[in-house]
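*Asks:* Got a predicted structure plus its sequence, pasted below:
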Amino acid sequence: MRDPEILVIGAGIAGTSTAYHLAGLGHRVVVLDRREIAGEASGVNAGAIESMGWGHAPDLQATLTAGSLEIFQSLQLDEGHDIEFRRSGGLQAIHNARQLEFARGRVADLTRRGFRLELLDTRAARALEPAASELLSGFLHSPERGQADPRLATRAFAEAARRRGAEIEERRAVLRVAQRGDGGWRVETSRGELVAGALVIAAGAWSRDIGAMLGLDIPVVPVRGQMWATWPLPPRIFQVISSVESALHWSREPGGGGDTPPQLTHRDARRLTRHLYGRQTRSGEVIFGGDRQAVGFNAVPDPAGIEVNRRHAAEVLPFLGSVAVGRTWGGLMPFSLDGRPLIGRLPGSDSLYMVGGMASSGFGRGPMAGKLLAELIHTGRMPAVLAEADPARCVVPRRAGAGATT
């Protein structure tokens with residue numbers, strides 16, 4: 001392997017997208033991962049792609065979601081990678097009058113800003129999703145939402161990056177990083193040393209550990225997400241399914257503070273809200289998840305949380321109440337402590353960058369995040385839309401004596 005111009009640490013969706021776009025701009029890129037491509041959160045999520053379109057004046061969230069949807073679509077339709085992508089639309093369940101009032105306000109605000117979202121009664125929703133419960137108070141319909149297989153999609157970005165000349169090394173852990181006198185980087189790995197002109201941290205929930213090697217405190221912490229799946233079933237669910245309940249709760253009580261990120265489902269062991277998202281895959285599995293718990297680097301699913309999520313899913317899609325769970329799994333999502341992504345140049349060096357901290361929606365925002373970072377590295381100019389994601393707002397030198405998080 002030749003020493004790269006740019007070295008990317010992490011072969012998840014954001015890292016592989018960054019490499020894909022950098023290679024397309026003519027850069028010599030190497031990606032390293034201590035496991036395999038899509039071995040962490042990028043490969044074990046629900047595969048939902050959130051979008052309500054670009055709107056009249058796209059902010060960061062709209063840019064990341066609408067942009068990523070278009071990149072997923074291009075990867076499948078233009079580059080020939082079957083990632084099981086569908087622009088399926090999505091339905092958010094409304095359970096009671098208080099949630100209905102919140103949903104009405106959300107539709108009024110977002111449609112005024114040019115986004116695509118509509119409020120449906122249960123009859124109209126069941127015309128789109130026949131298995132949906134008729135006992136609910138209504139649904140929010142997002143026709144721009146999409147879905148794809150997360151493992152296939154992440155590996156497709158890696159393969160597309162390789163076609164453009166990037167190299168991707170799996171099972172090659174980064175052990176130490178040091179800056180050279182010329183501004184470049186010396187990276188010691190489990191299979192030898194590399195030298196690179198620029199370094200990109202795309203290590204997901206482990207970004208803080210890489211930062212510690214560089215004397216930086218990157219305020220990204222692991223949050224456990226957990227999911228369950230049925231055995232394969234005939235086609236029953238056609239949209240991405242979610243619920244308004246947690247969005248209402250977090251709009252009033254976002255939580256967070258200190259060493260805890262906002263928008264969690266639990267405070268310690270106490271549940272604050274229920275959170276729900278799921279879909280049916282091409283193979284027929286119905287997959288759902290939702291809990292967000294700060295339990296360190298513990299990705300083992302909690303059976304009690306799985307059962308709560310299963311009951312909640314059955315309230316939206318009653319047939320799930322009589323369907324057995326075939327398997328469960330967990331993963332660690334990278335949550336920033338202020339709830340906003342970190343995309344851009346890290347303080348202290350002109351050749352050190354980061355893309356991460358995208359919480360539970362990294363899969364649906366990672367492709368565009370990687371594209372924006374690649375353009376920043378290539379041009380040296382930060383797009384205005386990335387101002388709120390600038391890592392300089394929160395990344396600071398590490399306190400003396402502080403150790404890594406694992």
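*Replies:* In hand now; what should we look at?

*Asks:* Run the chain-centre distance for stretch 198-208.
*Replies:* Computed by CA atoms, centre = their mean, to the nearest Å, the separation of stretch 198-208 from the middle of its chain amounts to 14 Å.

*Asks:* Then stretch 122-142?
*Replies:* On CA atoms, centre = their mean, the centre of stretch 122-142 falls 27 Å from that of its chain.

*Asks:* Then stretch 133-148?
*Replies:* 20 Å.

*Asks:* and if you look at stretch 172-187?
*Replies:* 27 Å.

*Asks:* Pull out the buried positions in it.
*Replies:* Buried positions in stretch 172-187, judged by neighbour count with 16 or more other CB atoms under 10 Å: 172, 174, 177, 179, 184, 185, 187. Backbone N, C-alpha and C define where each C-beta goes, glycine included.

*Asks:* Pick out the residue nearest the middle of this protein.
*Replies:* Closest residue to the average C-alpha location of the chain: residue 362 at 1.2 Å, with CA atoms, centre = their mean.

*Asks:* Within the helices and strands, which one has it?
*Replies:* Here residue 362 sits within helix 362-379, counting by DSSP states H and E.

*Asks:* I'd like to know which elements that helix is packed against.
*Replies:* Identification of packing neighbours for helix 362-379 by 3 or more CB pairs under 8 Å, 6 or more residues apart in numbering; DSSP states H and E yields helix 13-24, helix 41-44, strand 48-49, helix 60-77, helix 150-163, strand 198-201, strand 342-345, strand 352-356.

*Asks:* Turn the ones you listed into JSON lines, columns for mean pLDDT, distance to residue 331 and mean neighbour count.
*Replies:* What follows is the helices and strands packed on helix 362-379, written out as JSON lines (pLDDT from 0 to 100; distance: least, CB to CB, whole Å; neighbours: other CB atoms under 10 Å):
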{"stretch": "helix 13-24", "mean pLDDT": "98", "distance to residue 331": "13", "mean neighbour count": "30"}
{"stretch": "helix 41-44", "mean pLDDT": "97", "distance to residue 331": "4", "mean neighbour count": "25"}
{"stretch": "strand 48-49", "mean pLDDT": "98", "distance to residue 331": "14", "mean neighbour count": "27"}
{"stretch": "helix 60-77", "mean pLDDT": "98", "distance to residue 331": "19", "mean neighbour count": "21"}
{"stretch": "helix 150-163", "mean pLDDT": "98", "distance to residue 331": "10", "mean neighbour count": "23"}
{"stretch": "strand 198-201", "mean pLDDT": "98", "distance to residue 331": "19", "mean neighbour count": "26"}
{"stretch": "strand 342-345", "mean pLDDT": "98", "distance to residue 331": "19", "mean neighbour count": "26"}
{"stretch": "strand 352-356", "mean pLDDT": "98", "distance to residue 331": "15", "mean neighbour count": "28"}
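
*Asks:* Can you give the distance of the strand or helix carrying residue 105 from its chain's centre?
*Replies:* In the assignment (DSSP H and E), residue 105 maps to helix 97-112. Taking CA atoms, centre = their mean, one finds helix 97-112 lying 25 Å from the centre of the chain it belongs to.

*Asks:* Just want the angle from it to helix 60-77.
*Replies:* 80 degrees (axes from the mean of the first three to the mean of the last three CA atoms, to 10 degrees).

*Asks:* hmm, who's touching helix 97-112?
*Replies:* 52, 55, 92, 94, 117-119, 137-138, 140, 244-245, 247-248, 251 (CB atoms under 8 Å, 6 or more residues apart in numbering).

*Asks:* Please identify the buried residues of that helix?
*Replies:* Applying 16+ other CB under 10 Å to helix 97-112 flags 99, 100, 102, 103, 106, 107, 110 as buried.

*Asks:* Next secondary structure after that helix?
*Replies:* Next helix or strand after helix 97-112 toward the C-terminus (DSSP H and E): strand 118-120.

*Asks:* Show me what the helix or strand just after that following strand packs onto, helices and strands only.
*Replies:* Heading C-terminal from strand 118-120, the first helix or strand you meet, by DSSP H and E, is helix 122-128. Here helix 122-128 touches strand 138-142, going by 3+ CB pairs under 8 Å, 6+ apart.

*Asks:* so for the strand it packs on, what's the average pLDDT?
*Replies:* For strand 138-142, mean pLDDT rounds to 98.

*Asks:* angle of that strand against helix 97-112?
*Replies:* Here strand 138-142 points in a direction 30 degrees away from that of helix 97-112 (the same axes, to 10 degrees).

*Asks:* List the neighbouring strands of strand 138-142 plus their orientation.
*Replies:* Here strand 138-142 is paired, per DSSP bridges, with strand 90-94 (antiparallel), strand 118-120 (antiparallel).

*Asks:* who's in contact with it?
*Replies:* Applying CB under 8 Å, 6+ apart, the contact partners of strand 138-142 are 50-52, 89-94, 100, 103, 106-107, 116-122, 124-125, 128, 132, 244.

*Asks:* Weed out the non-buried ones from those.
*Replies:* Among these, those classed as buried by 16+ other CB under 10 Å are 50-52, 89-94, 100, 103, 106-107, 116-117, 119-120, 122, 125, 128, 132, 244.

*Asks:* Now the two most distant members of the contacts of helix 97-112.
*Replies:* 55 and 137 (26.4 Å; CB to CB).

*Asks:* thinking again about what came up before, let me have the helices and strands packed on helix 362-379 in a markdown table, extended by distance to residue 325.
*Replies:* Below are these laid out as a markdown table (distance: least, CB to CB, whole Å):
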| stretch | distance to residue 325 |
| --- | --- |
| helix 13-24 | 26 |
| helix 41-44 | 16 |
| strand 48-49 | 20 |
| helix 60-77 | 28 |
| helix 150-163 | 20 |
| strand 198-201 | 36 |
| strand 342-345 | 35 |
| strand 352-356 | 31 |
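
*Asks:* The ones you listed: which one's closest to residue 276?
*Replies:* Of all the helices and strands packed on helix 362-379, it is strand 48-49 that lies closest to residue 276, at 11.1 Å by CB to CB.
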